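Trainee: all I have is the shape, not the residue letters:
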């Protein structure tokens, strides 16, 4: 539920921010400046979708807004599926998704769907700090999360039952992990689900036998992020460098979608995001730049 | 002239209140019909028995399964657990307040306990997660404290104010003559309380218990935070559980309106509605039965 609250407060904050900017800058503005800015640079766009991508969109909007005070970028972090649903319904200009758009979602949209890769995100597999296990292979991860391996001693740990944590099925992180690590098999029935990255981190910090997964940006020193090995390769630490080089196996693209080529403000916003400045922001909020 | 005016005035007030009462009934009806309109789709698509007795809930899978049994059992276990803790404790507190405590203590304590009901549930959940869960984990040496037991404990604390407040009112409503007659016949204070006061107030005590259970089963936030949320049928009280309310809250954000998953969540709403309806019905039956018995015999 923390997620819901943070979503709501995020929406609120972004609305307040937008309102504040309009009011704050409105005072100093005069007609000349407005005319100079041109019609393209006033108005508002809606950006809706993945909570994973929200920090990026938020960071871009802050700088973009400072440079173009007449523009409102309204951001709602509601989940990848919701963002794409909003794109289908025509209630958002840009959809954020931490996964690829599905074919059946694409078919519901009239017109061509344009994909913008805005950054990369790596998922880290986290365990308790005192867990003696040094690394896991993708195959072992799959067996652990599907419930085939249930004891830590089978993967080189101590004799204790594995507590599997997953995320709610509404999270893009859940779908991506299921797709890439579980190869679309189902999570173990007794897997507990955490409502947010923070709830996941909190559980794993306190429970010696727990295992879970979070975005690389959410890993801190309170938990242990395990190196993961792809088939036939040696274990790779989950770091930004390894994710960027493609050596680390659990990396995903963070996307934004528009119907047709982005136009007007949406285009300027995305252009800014894909520029060096925009990509600096991607790195700042903990993801991996693509330029 | 003046009487005519006041007549209109009277009528105006009458219709005004009638309108307000009518609106609330209309609202209830609209909610009810929305719930069923959106939820019935899943019963026809999946089948009533598959939905209620199915044990696999995989709503976003390629071949989705909608079996709600783990959640139904989860909700019932957590609620019963909360009831087993909150009802005896609540009634004991009410007995103390109504029969033992001096007036000053009683006024203050009741106000404080009722204040507990005003704390937002997310705060209870947060306290449960950060304070209660680590303590339970260490005390009972569990691998994780996010279990049905922790959820029941948090819910028990949350429903305590309801149980205490209504039980105390019920005990207070027992006529003083009953107590005086009992004491005059030589019964002790304890005997009077157990054999005279509690039985006389039993319909009120039942209502308090049922309302406490109703509070527990409808609770969402706190349970979502502390119950562990594993989609399994729990075998014992220290297994993690997923409740109906938690599922609706956690999954509603991602569903496409009108889709099968969306309908399934409304279907869960229908199931929950039915359970609370049955609880309320039982309460009502107890109320009408005992009050008519009372009218027949004791007056």
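Mentor: Structure's in. What do you need? None of the values given here were measured: they were computed from a predicted structure. Residues are numbered from 1 along each chain as shown, chains lettered A, B, ... in the order given.
Trainee: for chain A, give me the ranges with low pLDDT.
Mentor: Counting by pLDDT under 70, chain A shows low-confidence ranges at A:1-42.
Trainee: find the closest residue to chain B in it.
Mentor: The minimum distance from chain A to chain B, using Cβ to the nearest Cβ, falls at residue A:170 (3.2 Å). C-beta here means a position set from N, CA and C on the backbone, and glycine is covered the same way.
Trainee: touching chain B at all, the longest strand seen in chain A?
Mentor: Counting residues, the longest strand in chain A under DSSP state E turns out to be strand A:113-127. No: contact between strand A:113-127 and chain B, assessed by Cβ under 8 Å from any Cβ of the partner chain, is absent, since the two come no nearer than 12.9 Å.
Trainee: buried residues in that strand?
Mentor: Using 16 or more other Cβ atoms under 10 Å in any protein chain shown as the test for burial, strand A:113-127 gives A:113, A:116, A:118, A:119, A:120, A:121, A:122, A:123, A:124, A:125, A:126, A:127.
Trainee: closest to residue B:42 among those?
Mentor: Minimum distance to residue B:42 across the buried residues of strand A:113-127 is 29.5 Å, recorded for residue A:113 (Cβ to Cβ).
Trainee: that closest one and residue A:260: what is the separation?
Mentor: Per Cβ to Cβ, to the nearest Å, residue A:113 is found 8 Å from residue A:260.
Trainee: buried set for the helix or strand containing residue A:198?
Mentor: Counting by DSSP states H and E, the element that carries residue A:198 is helix A:197-206. For helix A:197-206, the neighbour count (16+ other Cβ under 10 Å) marks A:197, A:199, A:200, A:201, A:202, A:203, A:204, A:206 as buried.
Trainee: tell me the one of the residues you listed nearest residue B:5?
Mentor: Sorting these by distance to residue B:5 puts residue A:199 at the head of the list, at 63.3 Å, by Cβ to Cβ.
Trainee: surely residue A:173 meets residue A:79?
Mentor: No: counting by Cβ atoms under 8 Å, no contact exists between residue A:173 and residue A:79, whose distance comes to 10.3 Å.
Trainee: and chain B, which of its residues are near chain A?
Mentor: Counting by Cβ under 8 Å from any Cβ, the residues of chain B near chain A are B:56, B:58-62, B:122, B:125, B:129-130, B:133-134, B:137, B:143-144, B:146, B:220-221, B:224-225, B:228-232, B:239-240, B:242, B:249-257.
Trainee: give me the buried subset of those residues.
Mentor: Counted by 16+ other Cβ under 10 Å, the residues of chain B next to chain A give B:58-59, B:122, B:125, B:129, B:133, B:137, B:143-144, B:146, B:220-221, B:224-225, B:228-232, B:239-240, B:242, B:249-256 as buried.
Trainee: show me where the chain has its helices.
Mentor: I went with chain A, as the question did not name one. Per DSSP state H, chain A has helices spanning A:2-28, A:31-37, A:54-67, A:80-89, A:103-107, A:138-146, A:172-180, A:197-206, A:240-245, A:264-274, A:276-284. These are given in chain order.
Trainee: correction: the question concerned chain B.
Mentor: According to DSSP H, the helices that chain B contains are B:2-46, B:48-53, B:69-95, B:103-116, B:121-127, B:133-140, B:148-172, B:176-184, B:189-191, B:198-200, B:202-218, B:221-226, B:244-251, B:260-297.
Trainee: could I get those in a markdown table, plus columns for distance to residue A:109 and mean pLDDT?
Mentor: Written out in a markdown table, the entries for these read as follows (distance: least, Cβ to Cβ, whole Å; pLDDT from 0 to 100):
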| stretch | distance to residue A:109 | mean pLDDT |
| --- | --- | --- |
| helix B:2-46 | 24 | 88 |
| helix B:48-53 | 31 | 89 |
| helix B:69-95 | 33 | 93 |
| helix B:103-116 | 50 | 88 |
| helix B:121-127 | 36 | 89 |
| helix B:133-140 | 44 | 88 |
| helix B:148-172 | 41 | 92 |
| helix B:176-184 | 73 | 92 |
| helix B:189-191 | 74 | 92 |
| helix B:198-200 | 66 | 92 |
| helix B:202-218 | 38 | 88 |
| helix B:221-226 | 33 | 87 |
| helix B:244-251 | 23 | 88 |
| helix B:260-297 | 19 | 79 |
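Trainee: to residue A:247, which of the ones you listed lies closest?
Mentor: Short answer: helix B:244-251, nearest of the helices of chain B by Cβ to Cβ, at 34.3 Å.
Trainee: for the residue most central in space within chain B, what are its contacts?
Mentor: For chain B, residue B:214 is the residue whose C-alpha lies nearest the centre (Cα atoms, centre = their mean; 1.7 Å). The contact partners of residue B:214, taken as Cβ atoms under 8 Å, 6 or more residues apart in numbering or on different chains, are B:276, B:279, B:280.
Trainee: swap the cut-off to 10 Å and go again
Mentor: By Cβ atoms under 10 Å, 6 or more residues apart in numbering or on different chains, the contact set of residue B:214 is B:79, B:159, B:162, B:275, B:276, B:279, B:280, B:283.
Trainee: who wins for most neighbours among the residues you listed?
Mentor: Tallying neighbours with other Cβ atoms under 10 Å in any protein chain shown puts residue B:159 at the head of these, with 28 neighbours.
Trainee: OK, contacts around that residue?
Mentor: In this structure, residue B:159 makes contact with B:79, B:82-83, B:85-87, B:90, B:117, B:208-209, B:211-217, B:219, judged by Cβ under 10 Å, 6+ apart.
Trainee: wait, residue B:32 sits on residue B:38?
Mentor: No: Residue B:32 lies out of contact with residue B:38 (Cβ atoms under 10 Å); the separation is 11.4 Å.
Trainee: compare these two (neighbour count), which wins?
Mentor: When residue B:32 and residue B:38 are compared for neighbours, residue B:38 comes out ahead with 18 against 12, by other Cβ under 10 Å.
Trainee: quick one: the more buried one and residue B:268 touch, right?
Mentor: No: using Cβ under 10 Å, residue B:38 is not in contact with residue B:268, being 11.1 Å away.
Trainee: quick one on the thing from earlier: quick one, what contacts the residue of chain A closest to chain B?
Mentor: Going by Cβ under 10 Å, 6+ apart, residue A:170 touches A:3, A:51, A:78-82, A:193, A:195, B:59-60, B:250-255, B:261.
Trainee: swap in residue A:220?
Mentor: When contacts are counted by Cβ under 10 Å, 6+ apart, residue A:220 is found next to A:126, A:201, A:205, A:214.
Trainee: identify, from the residues you listed, the entry nearest to residue A:73.
Mentor: Looking at the contacts of residue A:220 and their distance to residue A:73, the nearest is residue A:214, at 27.0 Å (Cβ to Cβ).
Trainee: any idea how many residues pack against that closest one?
Mentor: Other residues within reach of residue A:214 by the criterion other Cβ under 10 Å amount to 25.
Trainee: wait, it sits on residue A:124?
Mentor: Yes: between residue A:214 and residue A:124 there is a contact under Cβ under 10 Å: 6.0 Å.
Trainee: what touches both of the two?
Mentor: A:223, A:225.
Trainee: so residue A:58 touches residue A:284, yeah?
Mentor: No: under the criterion of Cβ under 10 Å, residue A:58 makes no contact with residue A:284, lying 11.0 Å away.
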